[in-house]
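Enquirer: Take a look and give me a structure for this.
(one chain, ligands or ions: 1)
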Amino acid sequence: MLGMSRGKLRSVEHRSGAGVVVQMVVALLAFCLVSGPLVAADPPAEIRYSAVIEAPVEKVWQMVSTREHVGQWLFSGVEAWWLRAGGSYRVRAFGRTISGRIEKVEPSKSVRLAWPSPKTTLAVEVARIDDRLTLVTLSHGGWPADEKSRRFRDDCANGWLAAMMKLHRLFDPSKADTPDRRPKVPGVFVDRNLIVNGDFECAERGRFEGIGWGWEPNSGKPSPQVHALDDKAAHGQGRSQRIAKPPDWTNYAVQQFTPHVVTVIQPDRRYRLTAWVKAEGTANPAGWYRLGLWYTDIGGKPIGEPVKNEKPVDENGKAQLNHDWRLYTIEATAPPGAARAVVILSGHWDEGGTVWYDDLRLWEVEKR
Ligand SMILES: [Ca+2]
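Expert: Predicted coordinates:
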């Protein structure tokens, strides 16, 4: 609509006299009628990530508030850090130096920074769950509605997600890192997983209807006939990502890339992807679903071939196309140049079928 209106305005510029003014007014009126009242776009939502860390609150507070430690996960470097209200800070983040003031400090509770450009507020809070568990919440809010801020906000969303993943790795692994340990708070939970919302339990709405927060369609738009978050079929509890064959498609997928602003994948390191999968209604042995792991460069361009699971066979060597929840594991070393990984949940059917995915985890294989 906007493009067409601009075209009309451009076309009257070549004429002359009072007619031009009349036509421009008509064009402007037409533009206002088709576009509705001219209102500013909604400002971007606050970024909010939470994590449950297996450590006492005092220990976690040290990690999120001291000069010695904030450079280990939140920033890529710390030049100045005066932890008091009104104290200054100068840090490296997103490839630049950021200077500003610490607005508020509540010991063993929260630290809040004034972010200079665009003027926003970054806060990290810690809260005791019990003697061993601490809830950490990072929030970055107050975003202006302009396009430049919107782009930087997306970079921050990506970078802070990677930071929370790093923070998790600075502590021992939780003994049972399951959704039922998470307090009911708004936002997106980050755990030791290198992908986010692998269990599809995130209460935040994703960008795509029927697809879990953090996930996206591999191509095209999601379709309600194909994609759904299914609370009737889940591995364990909650819900799963369902992908069903629509009447006119044969191939579609849901995917998630690891962060690109701060990389969490490194060449020559080995990573393991596990997923629970259930399949139903597949009739043609030529068709099946595929769970896939593909390493990419920083821009998301694939390196090498994707690693995929294989069809399970029964004792007679016959492929099992339909099965209840089954655990798949894919393990592969990141090749030279790898900076990200993409996890692909796909379906491929000629004649119909439904597949459910749940409890996906991607992590670096621990060195023994
Ligand atoms: Ca689930």
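
Enquirer: From now on I want contacts and neighbour counts done on CA atoms only, so please keep to that.
Expert: Noted.

Enquirer: Work out which residue lies at the spatial centre of this structure.
Expert: Gly214 (3.5 Å; CA atoms, centre = their mean).

Enquirer: Look at it and report its pLDDT.
Expert: Gly214 is assigned 95 on the pLDDT scale.

Enquirer: ok, now Glu305?
Expert: We have a pLDDT of 92 for Glu305.

Enquirer: Tell me if the residue nearest to the centre of the chain really is in a strand.
Expert: No: with DSSP: H, G, I helix; E, B strand; the rest coil as the criterion, Gly214 is coil rather than part of a strand.

Enquirer: Show the low-confidence segments of the stretch 51-200 of the chain, by residue range.
Expert: Along the stretch 51-200 of the chain, the parts satisfying pLDDT under 70 run over 176-179.

Enquirer: By proximity to the ion, which residue of it wins?
Expert: Going by CA to the ion, the ion is nearest to Asp199 of the stretch 51-200 of the chain, at 4.1 Å.

Enquirer: Secondary structure element holding that residue?
Expert: Counting by DSSP states H and E, no helix or strand carries Asp199.

Enquirer: One more: Gln62?
Expert: Assigned by DSSP H and E, Gln62 belongs to helix 57-65.

Enquirer: What number of residues are in the vicinity of the residue of the stretch 51-200 of the chain closest to the ion?
Expert: 24 (other CA atoms under 10 Å).

Enquirer: Now it. Nearest residue, chain neighbours left out?
Expert: Excluding its sequence neighbours, the residue lying closest to Asp199 (CA to CA, 6 or more residues apart in numbering) is Asp359, at 4.1 Å.

Enquirer: For that neighbour, pull up the helix or strand it's in.
Expert: Applying DSSP H and E, one finds Asp359 within strand 354-364.

Enquirer: Which strands or helices does that strand pack on?
Expert: strand 240-244, strand 270-280 (3 or more CA pairs under 8 Å, 6 or more residues apart in numbering; DSSP states H and E).

Enquirer: returning to that earlier point: hang on, the residue nearest to Asp199 packs against Val196?
Expert: No: look at Asp359 against Val196 with CA atoms under 8 Å: they stay out of range, at 10.5 Å.

Enquirer: what about stretch 314-328, near the ion?
Expert: No: against the ion, stretch 314-328 shows no contacts by CA under 5 Å from the ion, the least distance being 12.0 Å.

Enquirer: Give me the distance between the two termini of that stretch.
Expert: Taking CA to CA, to the nearest Å, the first and last residues of stretch 314-328 lie 16 Å apart.

Enquirer: hmm, who's touching that stretch?
Expert: Stretch 314-328 is contacted by residues 235, 274-283, 285, 288, 309, 311-313 when judged by CA atoms under 8 Å, 6 or more residues apart in numbering.

Enquirer: Taking the stretch 201-350 of the chain, what residue is nearest to the ion?
Expert: Nearest residue of the stretch 201-350 of the chain to the ion: Arg239, at 4.2 Å (CA to the ion).
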